[in-house]
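Colleague: Show me how the following folds:
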Amino acid sequence: MPYFEKSTGMEVRDNNMYDVRGNQINQYYNGNGPPDLHRILSPVSDASHNHPEPVARCHPGTRLEVIAEIEKWIEDSRDCPILWLNGPAGSGKSAISQTIAEHWVDKKKVASFFFLCGTGERNKIQHLIPTLAHQVSIFNPAVESILIDVMSKEPDLHKKSLSYQLDELLIKPIKATGLELSTIIIIIDALDECDDKELTSQLIKALSTICITHNIQLPFRLFLTSRVEQHIQEQFNQLIKQLVVKHLSLQDVDATEDIQLYLKYELYSLYERKYRIMQDIPGPWPSEEHLERLSENAAGSFIIASTLVKFIENGEGIPNEI
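Modeller: Numbering: from 1, shown residues only. The predicted model follows:
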């Protein structure tokens with residue numbers, strides 16, 4: 001029969017201890033010191049903004065209006081701790097999240113989780129709060145000791161409600177260290193790519209319960225992005241009405257000039273790289289007329305613009321003829 005080992009608080013079944021994912025952890029604990037928080041929380045290592053894979057970020061000089069609005073919120077909006085940025089697929093939400101994270105990481109303490117559909121651990125919301133809690137513990141040793149104590153006393157905490165996890169793994173530990181609201185920024189990108197719509201709704205409900213029902217002030221800035229999907233929109237509406245959430249929509253921002261700037265840079269760079277086969281084509285290439293037409297046809301979608309660049313770059317023959 002399962003029981004909890006007194007000195008560690010770890011669940012023991014058949015003389016073996018298990019972490020929050022049910023993995024046996026005897027080999028990670030030798031009984032001579034505190035449990036390893038990384039092993040206990042099992043964070044998703046490649047979900048943060050500094051993971052080693054190629055990432056999308058805003059092209060220099062683009063998205064200045066949106067970025068300025070987000071940075072103003074980070075610096076000034078104490079009474080509105082949550083910002084929700086939404087927009088259609090390919091509108092550049094993840095690039096904005098990445099750019100914000102990289103810009104502020106040297107000024108603030110940034111924890112982040114970038115959801116990604118079809119990747120296993122990065123599309124499961126069950127890993128979200130433990131991963132963010134572990135990241136916070138890295139830049140604040142005091143939080144680490146609190147989390148070890150919390151998980152030792154309650155090893156099955158990961159099975160509790162998302163509201164309870166938020167409170168026990170993030171809000172209370174951060175508040176206990178005395179960190180100010182403006183010190184920590186938590187970024188949750190592409191919430192719509194979570195594989196469980198019901199749990200996604202529960203997460204937003206949890207924020208509503210904490211901020212509105214219990215009137216608890218979040219000890220961090222929370223920046224979320226997603227597509228405009230019904231199960232997300234419905235839950236955020238209440239938070240927006242209560243002025244707990246600042247709402248930005250990329251559909252309200254004309255990205256045509258930004259896309260034109262991006263295309264001008266990328267295609268001119270391509271022109272220079274392939275000058276040998278394009279030396280008879282007069283510059284500037286493409287012409288302003290062509291750039292305007294291409295940027296308008298992209299209809300505000302950076303993914304269409306980037307796909308076009310890749311198509312021209314990888315196509316056979318002279319780029320001017322593709």
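
Colleague: C-alpha from now on. contacts and neighbour counts both.
Modeller: Fine.

Colleague: Quick check: can you list the domain ranges of the chain?
Modeller: Following automatic domain parsing, one gets these domains for the chain: 3-34, 64-252, 256-321.

Colleague: out of these, which comes closest to residue 46?
Modeller: Closest to residue 46 of those is domain 64-252 (CA to CA; 7.9 Å).

Colleague: Can you give me the end-to-end span of that closest one?
Modeller: 14 Å (CA to CA, to the nearest Å).

Colleague: Determine which stretch of the domains of the chain is the most buried.
Modeller: domain 64-252 (a mean of 18; mean count of other CA atoms under 10 Å).

Colleague: Give the rounded mean pLDDT of that domain.
Modeller: Averaging pLDDT along domain 64-252 yields 90.

Colleague: gap between that domain and the chain center?
Modeller: Centroid displacement of domain 64-252 relative to its chain, using CA atoms, centre = their mean, to the nearest Å, is 8 Å.

Colleague: one step back: could you export the domains of the chain as TSV, including distance to residue 49?
Modeller: Output for the domains of the chain, formatted as TSV (distance: least, CA to CA, whole Å):
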stretch	distance to residue 49
domain 3-34	23
domain 64-252	6
domain 256-321	20
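
Colleague: of all those domains, which lies closest to residue 41?
Modeller: Comparing these by CA to CA, domain 64-252 comes nearest, at 5.4 Å.

Colleague: The domains of the chain: which one's closest to residue 55?
Modeller: Nearest of the domains of the chain to residue 55, taken as CA to CA: domain 64-252 at 7.6 Å.

Colleague: can you pull out the strands in the protein?
Modeller: Per DSSP state E, the chain carries strands over the ranges 3-4, 11-13, 16-18, 82-86, 109-114, 184-189, 221-226, 245-249.

Colleague: Just send these back as TSV, with distance to residue 149 too.
Modeller: Converted to TSV, the strands of the chain look like this (distance: least, CA to CA, whole Å):
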stretch	distance to residue 149
strand 3-4	14
strand 11-13	14
strand 16-18	16
strand 82-86	28
strand 109-114	21
strand 184-189	22
strand 221-226	25
strand 245-249	32
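
Colleague: Of those strands, which is nearest residue 177?
Modeller: Closest among these, using CA to CA: strand 184-189, at 12.1 Å.

Colleague: Can you name the residues that contact the residue nearest to residue 41 when sequence neighbours are not counted?
Modeller: In this structure, residue 41 finds its nearest non-sequential neighbour in residue 130, 5.4 Å apart by CA to CA, 6 or more residues apart in numbering. Neighbour list for residue 130: 41-43, 158, 169 [criterion: CA atoms under 8 Å, 6 or more residues apart in numbering].

Colleague: quick check, nearest of these to residue 144?
Modeller: Among the contacts of residue 130, residue 169 lies closest to residue 144 (CA to CA), at 10.1 Å.

Colleague: doesn't residue 128 make contact with the closest one?
Modeller: No - the criterion here is CA atoms under 8 Å, and residue 169 misses it with residue 128 at 11.0 Å.

Colleague: how near is residue 109 to residue 83?
Modeller: 17 Å.

Colleague: Residue 74 touches residue 221, doesn't it?
Modeller: Yes - here residue 74 reaches residue 221: they are 6.9 Å apart, a contact under CA under 8 Å.

Colleague: max-length helix in this protein?
Modeller: helix 256-273 (DSSP state H).

Colleague: what does the average pLDDT come to for that one?
Modeller: On average, helix 256-273 scores 88.

Colleague: From the contact counts, what lies against it?
Modeller: helix 288-297, helix 302-314 (3 or more CA pairs under 8 Å, 6 or more residues apart in numbering; DSSP states H and E).

Colleague: Quick one: closest of those helices to residue 238.
Modeller: helix 302-314 (30.5 Å).

Colleague: Can you give the contact residues for that closest one?
Modeller: 90-92, 259, 263, 266-267, 270, 295, 298, 319, 322.

Colleague: wait, which of those residues is closest to residue 285?
Modeller: Nearest to residue 285 among these is residue 267, at 7.5 Å by CA to CA.

Colleague: Could you measure from the closest one over to residue 261?
Modeller: In terms of CA to CA, residue 267 sits 10 Å off from residue 261.

Colleague: quick one on the thing from earlier: and the helices and strands packed on helix 256-273: which comes nearest residue 250?
Modeller: helix 302-314 (11.6 Å).

Colleague: Can I get the closest one in PDB, CA atoms only?
Modeller: What follows is helix 302-314, C-alpha atoms only, in PDB (Å, rounded to 0.1, in the frame of the first residue of the first chain):
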ATOM      1  CA  PHE A 302       4.100  37.300 -41.300                       C
ATOM      2  CA  ILE A 303       4.000  33.600 -41.900                       C
ATOM      3  CA  ILE A 304       2.800  34.200 -45.500                       C
ATOM      4  CA  ALA A 305       5.600  36.700 -46.000                       C
ATOM      5  CA  SER A 306       8.300  34.400 -44.600                       C
ATOM      6  CA  THR A 307       6.900  31.500 -46.700                       C
ATOM      7  CA  LEU A 308       7.200  33.700 -49.700                       C
ATOM      8  CA  VAL A 309      10.800  34.500 -49.000                       C
ATOM      9  CA  LYS A 310      11.700  30.800 -48.500                       C
ATOM     10  CA  PHE A 311       9.900  29.900 -51.700                       C
ATOM     11  CA  ILE A 312      11.800  32.500 -53.700                       C
ATOM     12  CA  GLU A 313      15.100  31.600 -52.100                       C
ATOM     13  CA  ASN A 314      14.700  27.800 -52.600                       C
END
